[in-house]
Every structure is written in structure tokens, then in C-alpha cells.
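# 3D, please:
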Amino acid sequence: MSMAPIIYWMRRDFRLADNPALTACRGRPVIPVVIRDGSVTALGAAPSFRLGRALEEFCKTLGPPGGSVILRTGDALEVLEALIVETGATKVVWNRLYDPQARDRDSKIKAALRDRGIEAESFNAHLLFEPWTVETGTGGFYRVYTPFWRAVRDRDVPAPLPVPKLTFPDRMPDSESLRDWALSAPMHRGAAIVEKHLLLGEKAAQDRLAEFMDRRVASYRDDRDFLALDATSGLSEPLTYGEISPRQCWNAGWRAMEGAGGKGAEHFLKELVWREFAYHLMFHSPEILTGNWRPEWNDFPWQGDGEAAERWRFGETGVEIVDAAMRELYVTGRMHNRARMLVASYLTKHLMVDWRIGCDWFADTLVDWDPASNAMGWQWVAGSGPDAAPFFRIFNPDTQAEKFDRKAVYRTHWLHGAGARDFAAAIPRSRTIRNRLCPMISLSEGRERALAAYKALKG
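This is a model prediction of the structure:
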């Protein structure tokens, strides 16, 4: 019985180092399994594509002997129960997820497995501070970022775990084919374009972290908003798929802050905690994912989907900085964070389109899509969320372009340079690219219209 295999259920933890669930398998044969259940089939095009590439890369990292990952389709509990019967496994482990659907599914699975005498154990691998471990002085949850940061800044974060020594059963269960899963199919011809911009796998993530700490972290706070500079960590993508852990990033950031990284490293740590804050909010108020976090915003006259939203999606608003950012997204599957704020502000304020339409588009096109960060970011900009930017804070795209892309390097690349050519190769063949369009609405008129609607709401 002591040598019966352990099933390791993988979800968003495609790494060997600092992987608590995988480490718990030491000393017994491990059977890694990925299950294509409803949480996978519901993914947008880019997240589905990127998940498939993460899985493919992890299989290479795991390597022989016997290191294949088992792929199965179906209800997660039914798949796990079938594997238990097939393999004689007596324990199932996984690393926790925190969205409401995953929490509900996982708690039911844990109870069902334990009822039949199977050990079921879950671990924290995706966050620094699990949501229920951070409370206000009165026992509630934080609704504002700065007090949250102060509450966790000096907490001890465990050192990352080393790569465990693993063994595998002599005979692995049958597996479905990753090719047959066709996770990249919704991307159509865009997959080959986006592929060139991916940061794939555990080694690439670690190399990127080390390079960022060595070369750019000291200037991170000052340079990170300039759109044409490679000044950010670029780690949101591997963090999303667990190819690097937040603890690895946190410990590296602290070492840099205590060394030559200074204020830049501290700001990097604050961005990691901003991600934690998003999960804190999603856990305690899951309605943030689909509804206005502030109920009074239910009466705001948001516009629905239509021509304005469609022109925004494909970078045809006539506002250069917005259009460049939307084309960056379509080509790379990512977007500079400053640009994310600008395009979100323009959609929700100048065009007064419902933030959920933009949120859904990001969920379909971002390779670093994260449910908590995406929803909180959109509601923060729209003004409907917790700790939100006031609605009357309306970014002027032209002013922002002058400040953060003064020489127009970013705009030229995505609208007229190599980025524009990639965009033409990625979009549907049926779509005609339209450049140098007149803005759909003047910036001043859009601002005044949004402010009038806001005043009516408050009145």
C-alpha cells in the first residue's frame, strides 16, 4: 500500500521547482494527469492555445523514463475515479485554484474521494498569501490595495521548494493525444503569429526573471510605463500557467531590493501584491468576475456590443495609441500594462461601452489571461470596482501618447511597421485593414458625454 501510486492532477502549475503537490509525491510512483473538463473547454482562443503549449513544454521538461502526462477528457471526478480503479492509486494531490467554479468543483471532489477512502490533499502553489489568511483588523477583507500591501509586505514567504526526485509506475495508463485536443484550433491562422512571441516553459521563465533582476529591475519604477521600452518583467504569462511561482519571483525581488534594485525592486514586489489583491477580491466577492462590484453602477447607461466595440477590437478607432495597442494584443497575445489602461478607459468612457465586453475580449485574446486580474483591472479602470480609479479620471489618449511614446516608436511599429504586417497576417482573411481613420468621436466630446452620464448617475 505504501508504494501505491499517487495521482497528481495538474491545472496551472507546469513546473518542477517550487511545486508543493508534486513534491508531496516523493517516494511513491506519480501519475501526472491533465483533465479536459468544462474549465478547459470554456477557455478563450488564446488561453486555450497557450495552455496547450504549456502542457507540451512541460512534457518535454518532465522527460523519460515514464514521464508522460496522462490526458483525459470528461468530468474531473469521474476521470479521477476511473484512474484510481485502473492504477490502484490511493492518493490524489493538486495545487489549489481560487475562482468560484474551481473551488466548488474541488471541494466536492475532495469530499467524494475521502468518502471512498482515498486520500485527497491540496496545496498552495499559485499565490503568496491565500485569501483567507489576510484580514483587516475587524476580521473582514481588504477593499483597498494600499492597506492590503501594508498588511502583507513584511510577512514571511517560504523559500521556494527544490525540484523533487520523482519515480513513475512501470506501466502508465492510456492517454488521449494532445494533438486530438486541438487546443490551438480557435486561433486559426493567428496561432503561428502569436507563437513567435510566447515565453514558454519553466527554464525560459527562470531565465527571464534572472535577466530582469540583473538588468532592468533597478529602473523598473521609472521606465515601466514607456511603451517602446522592454522595461517590464514579462512574467505575467508564465505566472498564469505556473511555469514560474510567485514565491520564486518574490524572493528574487527581495534579494534585489536589499541589493542594487532599490525602489525599482520594491515596485516589482508591489505589482506581485496587486495580483494577490485581485485574488483576494475574487475569493471574497466572486461577483467581481461578471457584475459591477459597486451595485450603483448597474444603472449606468453602458452601451452594448456593436460597431463601436468591433472597431475597438480590431484597432480601428482612429485614435493611434489605442489602435496600436489593440493590434499589439492581436499579434502577441499580450499588451503593455499602460496600454491596457488606455484602451480600457477609451472603451468604457469615450465610447461608454460596457466594461464586460472589453473584459470578454481580453479573455479571448490574452495569452496571460487571468480571471482575477482581468476582471479587477477592467472594473478598476471603468470605475465600477473596488479601489477603483474615479470615473472622472478619463485618460486622454493623445496626451498619454505624447508622454509615454513621444517619438511614436510604439505606434509606428504596430500601425505601419513590422507589427502592422504581422497583424495583417493574423486577422481573418475576410477582414480588410483600415488605417488612418477619423476618430469615432472627438476626445473632448467623448469626455464630456461620459462625465454627463456620470453626473446623472450620481444625481
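# report the separation between the spatially closest residue to residue 124 that is not a sequence neighbour and residue 275.
Of all residues not flanking residue 124 in the chain, residue 130 sits nearest, at 5.3 Å (C-beta to C-beta, 6 or more residues apart in numbering). No exception for glycine: its C-beta is placed from N, CA and C like everyone else's. Here residue 130 is placed at a distance of 13 Å from residue 275 (C-beta to C-beta, to the nearest Å).
# looking at the two, which is more packed in?
Shown here are residue 130 and residue 275; by other C-beta atoms under 10 Å, residue 275 has more neighbours (21 against 15).
# now the more buried one: which helix or strand?
Assessed by DSSP states H and E, residue 275 sits inside helix 262-284.
# could you export that helix as CSV, CA atoms only?
This file holds the C-alpha atoms of helix 262-284, laid out as CSV (Å, rounded to 0.1, in the frame of the first residue of the first chain):
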residue,chain,number,x,y,z
GLY,A,262,16.2,49.6,-4.6
LYS,A,263,12.9,51.3,-5.3
GLY,A,264,12.5,49.5,-8.6
ALA,A,265,12.6,46.1,-6.9
GLU,A,266,10.1,47.3,-4.3
HIS,A,267,7.7,48.4,-7.1
PHE,A,268,8.1,45.0,-8.7
LEU,A,269,7.0,43.4,-5.3
LYS,A,270,4.0,45.8,-5.2
GLU,A,271,2.9,44.6,-8.6
LEU,A,272,3.1,41.0,-7.4
VAL,A,273,0.9,42.0,-4.5
TRP,A,274,-1.5,43.8,-6.9
ARG,A,275,-2.0,40.3,-8.4
GLU,A,276,-2.6,38.9,-4.9
PHE,A,277,-5.1,41.6,-4.2
ALA,A,278,-7.1,40.6,-7.3
TYR,A,279,-7.3,37.1,-6.0
HIS,A,280,-8.2,38.3,-2.5
LEU,A,281,-11.2,40.2,-4.0
MET,A,282,-12.3,37.4,-6.3
PHE,A,283,-12.3,35.0,-3.4
HIS,A,284,-14.3,37.2,-1.0
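# just the strands in the stretch 151-300 of the chain please.
Counting by DSSP state E, counting those that start in this stretch, the stretch 151-300 of the chain has no strands to list.
# now do the stretch 351-459 of the chain
For the stretch 351-459 of the chain, strands defined by DSSP E, counting those that start in this stretch do not occur.
# these two touch, right, the residue nearest to residue 124 and residue 103?
No - look at residue 130 against residue 103 with C-beta atoms under 8 Å: they stay out of range, at 11.6 Å.
# what helices or strands is the lowest-mean-pLDDT helix or strand in the chain leaning on?
Least confident helix or strand, the chain: helix 443-458 with a mean of 93, by mean pLDDT, DSSP states H and E. If you count contacts as 3 or more C-beta pairs under 8 Å, 6 or more residues apart in numbering; DSSP states H and E, helix 443-458 packs onto no helix or strand.
# can you list contacts of stretch 263-276?
The contact list for stretch 263-276 (C-beta atoms under 8 Å, 6 or more residues apart in numbering) reads 127-129, 145, 148-149, 152-153, 213, 216-222, 224, 233, 239, 246, 249-250, 253-254, 256-257, 261, 370, 372-373.
# does the nearest residue to residue 155 once chain neighbours are set aside sit in a helix, a strand or a coil?
In space, residue 155 comes closest to residue 129 once its chain neighbours are excluded; the distance is 6.6 Å by C-beta to C-beta, 6+ apart. Following DSSP: H, G, I helix; E, B strand; the rest coil, the label given to residue 129 is coil.
# for residue 129, give me its contacts.
Contact analysis of residue 129 by C-beta under 8 Å, 6+ apart lists 152, 155, 276, 280.
# pLDDT weak spots in the stretch 101-250 of the chain?
Applying pLDDT under 70 to the stretch 101-250 of the chain picks out no residues at all.
# now the helices: where do they sit in it?
With DSSP state H, counting those that start in this stretch, the ranges of helices along the stretch 101-250 of the chain come out as 145-152, 178-181, 190-195, 201-215, 220-223, 236-240, 246-258.
# in TSV, list these along with distance to residue 353 and mean neighbour count.
Below are these laid out as TSV (distance: least, C-beta to C-beta, whole Å; neighbours: other C-beta atoms under 10 Å):
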stretch	distance to residue 353	mean neighbour count
helix 145-152	26	16
helix 178-181	34	14
helix 190-195	23	19
helix 201-215	34	17
helix 220-223	31	17
helix 236-240	24	23
helix 246-258	33	19
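# residue 333: which of these is closest?
Counting by C-beta to C-beta, residue 333 lies closest to helix 190-195 out of the helices of the stretch 101-250 of the chain; the figure is 4.6 Å.
# which other helices and strands does that closest one contact?
Checking 3+ C-beta pairs under 8 Å, 6+ apart, helix 190-195 ends up next to helix 45-62, helix 320-332, helix 418-426.
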